[in-house]
Structure formats: structure tokens, C-alpha cells
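Peer 1: Below: sequence and its predicted model.
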Amino acid sequence: MRQYYATFANFICRFGLEKVLLDYANDIVLPALSDESLKRQSGPQTTYFIKDFGIVNFGEPNAPVLVASGRFIKNTVLRRTQVYDPERGLVPDLQTLPSAPSAYFVLILNNHRIVYFPETPFAPDLPVFEATVKKFIGIKYRTFIDQLHATSLADGKRITKVDLRKVHQPPTVNIVPLSNEASVEVFLKQFSTLKSIEFELIKPNQKIDGHELWQQLRSYNERLEPDKTIIRTERGEGFDIEEAKAQITDAAGSGNQRVHLSGLDRNGNKISGDNEKFSVTTRINDAPIDKLGLVKRLYDAFANLLTAGTIRVDQPADDVTPKLTGIRSYQRRLNSSGLMRRNQQFQKLAAISLEVIKRRWYHTFEKSTYRLA
């Protein structure tokens, strides 16, 4: 029986102060996730890329719940230099073996939450996925600017690329794991002394209701437009763990801030960790092999944790539904591309089981205090 753990995170993609993922979904973000020709090289024998991309609507035509998904692959070569023989001991033996561990991602476009599921041993982790997506979105952003520039020249307007980048500002991408009080508490139990807490503020995908301090700091940030804002607090004799737990949970729970902790363990050794170390995870037993079945299972895991209050999401902005409706045009373009056959098959399978999915998930939505769409 296959069983691995899914991680839940906030996929924060911004284009300057005003624009977010959905504003450039059709032109930049979704093409970055669906273009199978894009590769990120890491060393001489390792590449990362995305395959099997698709979009499915689990809502209604006028109230879509759009879920983008795909398989993230690490294509590499394993190398050994020696083996152990009981009679001869260590014996030089150079061998190589191609290997392609993978993870599956489900990105809920309504609320920018992502479910990340390593489906094999040694699958690429979430920070590697983040680095790859940053690169791909950057490539598609440059292509977008180039196309606008070429169009302006053809129209005789001669708008410079510098001016275009002022209107369409470069993207930033942060994928921050979600935490809750229980996951933070488990990690804090490893500390005998918590000496340092560092908060890195990340501008979220939309305006949110949060602690007054974070709201004031974000307002301050918007005026100065810094590349990064970090708040670091230290106490030599250590912070009160219970009070620290509350503050860390408040800051990290929605995935809009990175939090880094450092101190000493019970043996006096240095210990540190960030959101990755105290993220919310859930076990996925006997994961389905077929694509739609896996998407259903991962989305279902997200919905169940949301209903239980284990994770939280921000209320969606008022303009989310019109933007999601506009993404349907990208689905049509996807169908007319080289991905047509695979995406049509995915949509056909989705249609077959859509009613079953609705009955279960709409029941989940009604019980939740948060709206997903």
C-alpha cells in the first residue's frame, strides 16, 4: 500500500503591489505550469520539469472552483562508487542508474492554496518546487514583455521594455507551508531554550484581516516598497514557550509570513527551523494511480482539514469569481495546443464523477466557516 504525506501551503505570486496570480494567470502563470518544454537544470545530470498539467472545475459555470494540477519530476542519475562484499570488504564498483522521482501538486486557484504530495521516495521537496516555479514564471514573464514590445513596434507605438515593466511589474513567488497550533507545538517541544524568533513579512495575494501589528507593518511596507522585511526578536535566557507558540501560530497559520526559530535543545545543541519544520501534513493512504482520482483525493484532504479547522484560508477577494471565469479561456487554448488529447481526457473523466464530487464537497463547504469560492 502506497502511503505518503501531503503538505499544504500558500502559493503567493504577485506582480508589484497591485496585481496577483489571477491577474496574469492566462498570460504568465498557467503557461509557466503547463509548458512541458521548460526545464530547470541543477548540476550536470539533474533537471526539473512539470508534466501532465490540467485544469478541472469542481464548481458551477457561474461559480467556478478551479483546480490546476500537474506532476513535478526530478530527472536525474544515481551513481554509486563501491559496494560491500562480506569476504572482500569495500569493493570499487562504479555504476549509474537513471531515476525520476516525482511529486504531484494541486493548486486551488480560488484561494491560492496548494497541496503538495511526494508520490515516490526521494521526491523533490517543496522548496525545490518553489525554485523551479519561480524560474518558469520568470521565463514566461519575459516572453510576455517581449510580445507586448513586438506588438507595440508593429503598431508604431514603440513602447520600451522598461516602460512595459513599469506597467507590468516583475513577478515574485513565495510558497509558504501552512501551520497550526498543534504543528507548532510539536516542533517547539524540541527546544529547551527558544532564543530567537524571526518573522519575514510577505505581501499576500489579497487584502486580509489579521493581527493589527501585521496590518500596520504591511501598510508601512507598501509605502517603502522594500524587497524584504524581517523582524527579529531575541532573548538570551529564552522566551516563554507558551507565549511564543501563540505568536508563531498567529503569524504562520495562514502562510503569509515565514517564521524562523533558533535556540537550544535539551542536550544544549543548537536547533533551528522554519515553516517547513512545523507545517501541517496529512497521510494519504493508497494514493490513486489515475490522475483524476489523485486530484480528488488531495483536494478532499484539503477540504477535510479546512472543515475541521486544522488549516485556515483567507476570505476570497470580491473579484475572484470574474477572474476565474476568465481563466476558462485558457482552458480552451490548452485544448487547442499539443496538450489537447490529455486535457480532454482529463475533463471527460472529471465530468463523469463531477456529481459525486459535488455532493460530498458541497456538504463540506456548508459546514465550513470559510468559503472556498
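Peer 2: Here it is on my side, so go on.
Peer 1: Number of residues surrounding residue 147?
Peer 2: Using other C-beta atoms under 10 Å as the criterion, residue 147 is surrounded by 12 other residues. (Glycine included, C-beta is placed from N, CA and C.)
Peer 1: nearest spatial neighbour of residue 301, skipping sequence neighbours?
Peer 2: Counting by C-beta to C-beta, 6 or more residues apart in numbering, residue 301 lies nearest to residue 282, which is 5.3 Å off, once chain neighbours are set aside.
Peer 1: Identify the residues contacting the one you found.
Peer 2: Taking C-beta atoms under 8 Å, 6 or more residues apart in numbering, we find residue 282 in contact with 5-6, 8, 301, 305.
Peer 1: a markdown table for those, including secondary structure?
Peer 2: As requested, the contacts of residue 282 are arranged in a markdown table below (DSSP: H, G, I helix; E, B strand; the rest coil):
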| residue | secondary structure |
| --- | --- |
| 5 | strand |
| 6 | strand |
| 8 | strand |
| 301 | helix |
| 305 | helix |
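Peer 1: which of these are buried?
Peer 2: Using 16 or more other C-beta atoms under 10 Å as the burial test, the contacts of residue 282 include 6, 8, 301, 305 as buried.
Peer 1: which residues does the residue nearest to residue 301 bridge with?
Peer 2: residue 6 (DSSP bridges).
Peer 1: now it: how far from residue 106?
Peer 2: In this structure, residue 282 lies at 13 Å from residue 106, with C-beta to C-beta, to the nearest Å as the measure.
Peer 1: Same check on residue 194?
Peer 2: As it turns out, when the distance is counted by C-beta to C-beta, residue 194 lies 34 Å from residue 106.
Peer 1: Can you give me the pLDDT of the residue nearest to residue 301?
Peer 2: According to the model's per-residue confidence, residue 282 sits at a pLDDT of 92.
Peer 1: cool, and residue 145?
Peer 2: According to the model, residue 145 scores 96 on pLDDT.
Peer 1: Reduced to three states, what does it come out as?
Peer 2: Under three-state DSSP, residue 145 falls in the helix class.
Peer 1: quick thing: my sequence starts at 59, can you match it?
Peer 2: Understood, numbering begins at 59; the last thing we discussed is residue 203.
Peer 1: Now it: closest residue in space that isn't a chain neighbour?
Peer 2: What sits nearest to residue 203 in space, not counting adjacent residues and going by C-beta to C-beta, 6+ apart, is residue 222, at 5.2 Å.
Peer 1: contacting residues around the helix or strand harbouring that neighbour?
Peer 2: The secondary structure element spanning residue 222 is helix 219-225 (assigned by DSSP states H and E). Outside of helix 219-225, the residues that reach it under the criterion C-beta under 8 Å, 6+ apart are 203-204, 206-207, 210.
Peer 1: can you check stretch 183-195 too?
Peer 2: Defining contact as C-beta under 8 Å, 6+ apart, one finds that stretch 183-195 is touched by 65, 67, 71, 86-87, 90-91, 93, 96, 98, 106-108, 130, 132, 161, 163, 174, 176, 182, 229, 231-233, 235, 334.
Peer 1: Only whichever of the residues you listed are buried, select them in PyMOL.
Peer 2: Here is the PyMOL command that picks out the buried ones among those, judged by 16+ other C-beta under 10 Å:
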select buried, resi 65+67+71+86+87+90+91+93+96+98+106+107+108+130+132+161+163+174+176+182+229+231+232+233+235
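Peer 1: Next up, the contacts around residue 135.
Peer 2: Contact criterion C-beta under 8 Å, 6+ apart gives 103-104, 154-157 as the residues in contact with residue 135.
Peer 1: same thing but 6 Å
Peer 2: Applying C-beta atoms under 6 Å, 6 or more residues apart in numbering, one finds that residue 135 lies in contact with 103, 154, 156.
Peer 1: Save those as JSON lines, and put in neighbour count, pLDDT and distance to residue 148 too.
Peer 2: Formatted as JSON lines, the entries for the contacts of residue 135 read as follows, by neighbours: other C-beta atoms under 10 Å; pLDDT from 0 to 100; distance: C-beta to C-beta, whole Å:
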{"residue": "103", "neighbour count": "13", "pLDDT": "93", "distance to residue 148": "24"}
{"residue": "154", "neighbour count": "10", "pLDDT": "95", "distance to residue 148": "19"}
{"residue": "156", "neighbour count": "9", "pLDDT": "96", "distance to residue 148": "25"}
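Peer 1: which one of those residues is nearest residue 287?
Peer 2: For those, the residue nearest residue 287 by C-beta to C-beta is residue 103; the value is 38.3 Å.
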